[in-house]
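Participant: Predicted model and sequence follow; I will ask about them next.
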Amino acid sequence: MAKIIPFKAVRPTRDKVSLVTSRSYDEYSPAELASQLDFNPFSFLHVLNPAYVNQQKIGLEKRFKLVAQKYHDFKEEQILIKEDKPVFFIYEIQSKNQQFTGIIAGTAIADYQNNVIKKHEDTLQYRVELFKDYLHQTGFNTEPVLITYPDNTELTAWIAQKKQGDSLYEFATTKREKHILWKIDDDAEIAWLMKQFDTIGNLYIADGHHRSASAELLYEQDHASGNNNLNYFMSFLIAESNVKIYEYNRIIRDLNGLSKTAFLEALSAEFWIKNKEQQLWKPSKKFEFGMYLDGEFYALLLKDEHSFTSVLERLDAQILYEKVLHPILGIGDLRNDERIDYIPGKLSIVTIKEVIDEGEFEVGFMLFPTDISEIKSLADNNLIMPPKSTYIDPKFRSGLVVYELAP
């Protein structure tokens with residue numbers, strides 16, 4: 001049974017929400033970031049990067065304290081306001097081709113620890129500890145963990161009905177997205193929603209494994225203080241059919257000393273190879289792989305699809321690693337090997353072609369996106385995906401809703 005709770009959210013005032021909220025900090029190019037910080041005094045990026053004005057090079061502890069101070073300033077100036085009582089939110093993101101709708105709520109550390117909230121990705125301890133220290137020093141989080149729940153007709157109907165009411169916010173962004181937020185503050189509806197999730201067996205983390213792990217580490221460190229806010233972390237809960245899963249494509253700097261002919265011959269032991277020449281070809285089903293090499297596209301079709309004994313072995317990203325990247329190209333560490341890089345499948349495969357044609361990389365591989373059922377099966381079997389296996393939408397806007405960790 002999954003436990004969710006409403007919380008006293010901090011959020012922008014209605015008149016400033018489109019100015020305050022931002023994409024994730026690391027999505028901005030240096031020029032975009034400078035423009036936002038120079039010309040938009042209300043941007044939440046000022047909270048996330050408080051040293052910008054003086055171009056200071058400072059240590060992490062001082063930086064975290066400056067973040068906390070700038071956040072406090074935004075509240076003092078009434079750019080951000082706090083709810084009078086605990087609430088839930090319904091949040092919708094609309095783009096030209098997609099629409100995502102989910103529930104913003106607090107989810108329980110206990111559920112995370114007891115595997116009611118299931119994981120499928122490994123985490124890097126230094127990143128977990130770094131973000132734990134950030135949370136401890138700043139006292140807030142504005143990046144919810146993206147969690148999926150099984151499709152539920154009652155929840156779907158309830159959300160559709162609540163969307164007919166007046167929204168709290170409705171604004172557009174320069175990325176041509178529309179964002180809408182509805183507040184759920186009625187006690188009876190809050191109790192009903194909590195009961196709905198109480199009947200759900202498991203939730204699955206889609207994106208945010210480091211954030212949830214950091215929240216658990218902070219809980220372990222500070223929960224003896226009696227601060228109940230540490231018992232939960234903010235999540236964006238969305239029906240599993242409503243997430244969009246993209247692949248992460250791989251680009252490699254060299255052929256590990258092999259000639260093109262020798263490399264293709266090595267591939268032919270495991271794959272049927274079809275030269276697609278200048279056709280922009282990408283896989284259309286599992287066990288197919290696209291490749292771009294020396295100005296031409298290739299289709300790689302796995303010869304034996306029936307030799308696998310686990311869901312991890314059947315995963316396309318794992319197959320590519322076990323049959324190509326590791327034994328032929330000598331890539332051992334997918335996280336840290338400087339010979340490999342990644343391009344999200346949300347970008348056109350023309351991007352891969354352009355990067356390789358520029359000469360820094362020699363070969364690129366295109367994968368078929370992982371299915372949500374594969375992710376759930378991995379999590380159910382306590383298996384871990386290879387790094388950079390999935391790029392998942394939707395992405396949450398920083399500064400839209402803030403979960404305060406301070407009591």
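Facilitator: The structure has been received and is ready for your questions.

Participant: looking only at pLDDT, what's the mean for the helix ranked longest in the chain?
Facilitator: Counting residues, the longest helix found in the chain (DSSP state H) is helix 60-76. Mean per-residue pLDDT for helix 60-76: 94.

Participant: Show me which positions of whatever helix or strand comes next after that helix end up buried.
Facilitator: Going down the chain from helix 60-76, the next helix or strand is strand 80-82, by DSSP states H and E. Across strand 80-82, burial judged by 16 or more other CB atoms under 10 Å covers Leu80. Backbone N, C-alpha and C define where each C-beta goes, glycine included.

Participant: Same check on stretch 369-384?
Facilitator: Buried residues in stretch 369-384 (16+ other CB under 10 Å): 369-370, 372, 374-379.

Participant: try stretch 10-26
Facilitator: Going by 16+ other CB under 10 Å, stretch 10-26 has these buried residues: 10-12, 16-23.

Participant: Make TSV out of those residues and add secondary structure, distance to Lys323 and pLDDT.
Facilitator: Converted to TSV, the buried residues of stretch 10-26 look like this (DSSP: H, G, I helix; E, B strand; the rest coil; distance: CB to CB, whole Å; pLDDT from 0 to 100):
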residue	secondary structure	distance to Lys323	pLDDT
Val10	strand	49	98
Arg11	strand	49	98
Pro12	strand	50	98
Lys16	coil	53	97
Val17	helix	49	97
Ser18	helix	48	96
Leu19	helix	50	97
Val20	helix	48	97
Thr21	coil	44	97
Ser22	strand	41	95
Arg23	coil	36	91
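
Participant: Show me which of those residues is closest to Ala215.
Facilitator: Val10 (17.1 Å; CB to CB).

Participant: Lys75 versus that closest one, what's the distance?
Facilitator: 7 Å (CB to CB, to the nearest Å).

Participant: Are there residues contacting both of the two? Which ones?
Facilitator: Listed as contacting both Val10 and Lys75 by CB atoms under 8 Å, 6 or more residues apart in numbering are 81-82.

Participant: Just name the closest of the buried residues of stretch 369-384 to Glu61, please.
Facilitator: Closest to Glu61, out of all of the buried residues of stretch 369-384 and judged by CB to CB, is Ala379, at 35.1 Å.

Participant: Do you know the pLDDT at that closest one?
Facilitator: The predicted structure scores Ala379 at 96 on the pLDDT scale.

Participant: now do the one 4 residues further on
Facilitator: According to the prediction, Leu383 has pLDDT 94.

Participant: What of Asn54?
Facilitator: Predicted confidence (pLDDT) for Asn54: 53.

Participant: Helices of this protein, residue ranges please.
Facilitator: Under the criterion DSSP H, the chain contains helices at 17-20, 30-39, 45-48, 60-76, 109-113, 125-138, 153-162, 187-198, 209-222, 260-267, 316-320, 349-357, 372-380.

Participant: now for these, which one comes closest to Gly102?
Facilitator: Nearest to Gly102 among the helices of the chain is helix 153-162; the distance by CB to CB comes to 8.4 Å.

Participant: Just list whatever residues bridge to the residue nearest the centre of the chain.
Facilitator: Among the residues of the chain, the one closest to the centroid is Asp207, at 3.7 Å (CA atoms, centre = their mean). On the basis of DSSP bridges, Asp207 is bridged to Leu146.

Participant: Which residues are in contact with it?
Facilitator: So Asp207 contacts 145-146, 392 (CB under 8 Å, 6+ apart).

Participant: And it, how close does it get to Ser24?
Facilitator: 11 Å.

Participant: doesn't Pro12 make contact with Lys82?
Facilitator: No - using CB atoms under 8 Å, Lys82 is not in contact with Pro12; the gap is 11.4 Å.

Participant: about what we covered before: which of the buried residues of stretch 10-26 sits closest to Ser43?
Facilitator: Distances from Ser43 to the buried residues of stretch 10-26, taken by CB to CB, are shortest for Ser22, at 5.6 Å.

Participant: Any idea what that closest one is bridged to?
Facilitator: Applying DSSP bridges to Ser22 gives these bridge partners: Ser398.

Participant: Now do the contacts for it.
Facilitator: Ser22 makes contact with 28, 36, 43-45, 48, 397-399, according to CB under 8 Å, 6+ apart.

Participant: May I see those residues organised as JSON lines, with neighbour count and pLDDT added?
Facilitator: Formatted as JSON lines, the contacts of Ser22 follow (neighbours: other CB atoms under 10 Å; pLDDT from 0 to 100):
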{"residue": "Tyr28", "neighbour count": "17", "pLDDT": "87"}
{"residue": "Gln36", "neighbour count": "19", "pLDDT": "88"}
{"residue": "Ser43", "neighbour count": "23", "pLDDT": "96"}
{"residue": "Phe44", "neighbour count": "26", "pLDDT": "96"}
{"residue": "Leu45", "neighbour count": "22", "pLDDT": "95"}
{"residue": "Leu48", "neighbour count": "22", "pLDDT": "92"}
{"residue": "Arg397", "neighbour count": "23", "pLDDT": "95"}
{"residue": "Ser398", "neighbour count": "21", "pLDDT": "96"}
{"residue": "Gly399", "neighbour count": "27", "pLDDT": "97"}
